[in-house]
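S.K.: dropping a prediction and its sequence here:
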Amino acid sequence: MRILVTGAAGYIGSRLARALQGHEVLTTDQSAPAQVIGNLAYPKFARSLVTRDIDLVFHLAALVSGGAEQNFELGTKVNLEATRDLLEASRLAGHCPKFVFASSIAVYGGELPDPVTDATAPCPRISYGAQKLVCEVLIDDYSRRGYIDGRSLRLPTVMVRPGGANTAVSGWASAIIREPIAGRDYVCPVRPETRMACISVGKVVEALIHAAGIPAHEFGPSRSVLLEGIPVSAHEMWQAARARGSGRVSFQPDAALQAIMNAVPKATVSERARRLGFPSSRDIEEIVSEYQEAAIADHG
């Protein structure tokens, strides 16, 4: 099986590429260590990636939430138009490859129930969420027509991101764990009681691979699945990190960011995901332990 992974130099993509060792994997991103380096915002490049020898596509590349909100044009090119270019390349290849898409719980917005469930209607309130939702609809339609065998996973906040922050509005959730464990102090830009739906990167990688193995008929007409995200507050994140590092955390809420965080899903519960066998994180302690174990392995 020949597999394409977009966004392969990123946080999730790099972990996925490692998990796929033993398969013939083509990785692409804008920087090393991807095998094929290029920008998906250029249609010619995006459409060159899916050829008849590609059996499975994991499409992870994206301009994340804050970046897509700050730069609407670039967000539209990377998150929407590049996805459609990959779908068109898959259609024109003519062999109906599997297409696993990393969507997001950013498709939800407005007055949300707690928890968000399978019955919650998507209603995005940021451009990133709108772009992801449009891609989900396209994937459903391309699948209906037999051009691809698509699956879209609505990912909760994925933790704990190593290295520096990106433009995700939820980036603080990784920093509040990563920085104290590394012995660095951190100023958290949201209130201690701020909660969000969380999942570990390990569980997301398991979910992506699991999605590729599910028979198409088990999805039904909708190829979108909401992954379960456990509710964790900023205070609980800090407490989990506090026991493992010497850095300190103080809270200085940013009004604009706090307003965004007040409107995100606090937890996600999906009977559909459970029925299809998707994994979920148990608690914040499990997420932090996984992060530490991965850090040791990466530096071992």
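M.R.: Arrived safely.

S.K.: helices and strands around the longest helix seen in the chain, which ones?
M.R.: Assignment by DSSP state H gives helix 127-144 as the longest helix of the chain. Packing partners of helix 127-144 (3 or more C-beta pairs under 8 Å, 6 or more residues apart in numbering; DSSP states H and E): helix 65-70, helix 72-75, helix 82-93, strand 98-104, strand 149-155, strand 224-226. From N, CA and C alone the C-beta is placed, and that goes for glycine too.

S.K.: look up the closest residue to V160, ignoring the ones flanking it.
M.R.: Distance criterion C-beta to C-beta, 6 or more residues apart in numbering; nearest residue to V160, sequence neighbours excluded, is Y291 at 4.0 Å.

S.K.: helices of the chain, start to end?
M.R.: 11-19, 43-48, 65-70, 72-75, 82-93, 127-144, 172-181, 201-213, 234-242, 255-262, 271-275, 284-299.

S.K.: what angle separates the last one from helix 172-181?
M.R.: Right, helix 284-299. 70 degrees (axes from the mean of the first three to the mean of the last three C-alpha atoms, to 10 degrees).

S.K.: let me know which of the helices and strands packed on helix 127-144 is the nearest to P113.
M.R.: strand 224-226 (12.7 Å; C-beta to C-beta).

S.K.: elements contacting that closest one?
M.R.: For strand 224-226, the packing partners by 3+ C-beta pairs under 8 Å, 6+ apart are helix 127-144, strand 149-155, helix 271-275.

S.K.: rerun at 10 Å
M.R.: strand 98-104, helix 127-144, strand 149-155, helix 271-275 (3 or more C-beta pairs under 10 Å, 6 or more residues apart in numbering; DSSP states H and E).

S.K.: for A216, which of those is the nearest?
M.R.: That would be strand 149-155 among the helices and strands packed on strand 224-226, by C-beta to C-beta, at 5.2 Å.

S.K.: rewinding a little: A61 is nearest to which of the helices and strands packed on strand 224-226?
M.R.: strand 98-104 (8.7 Å).

S.K.: who does the closest one pair up with?
M.R.: strand 56-59 (parallel), strand 149-155 (parallel) (DSSP bridges).

S.K.: dump those strands into JSON lines; add distance to L92 and mean neighbour count as well.
M.R.: Shown next, in JSON lines, are these (distance: least, C-beta to C-beta, whole Å; neighbours: other C-beta atoms under 10 Å):
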{"stretch": "strand 56-59", "distance to L92": "14", "mean neighbour count": "25"}
{"stretch": "strand 149-155", "distance to L92": "16", "mean neighbour count": "25"}
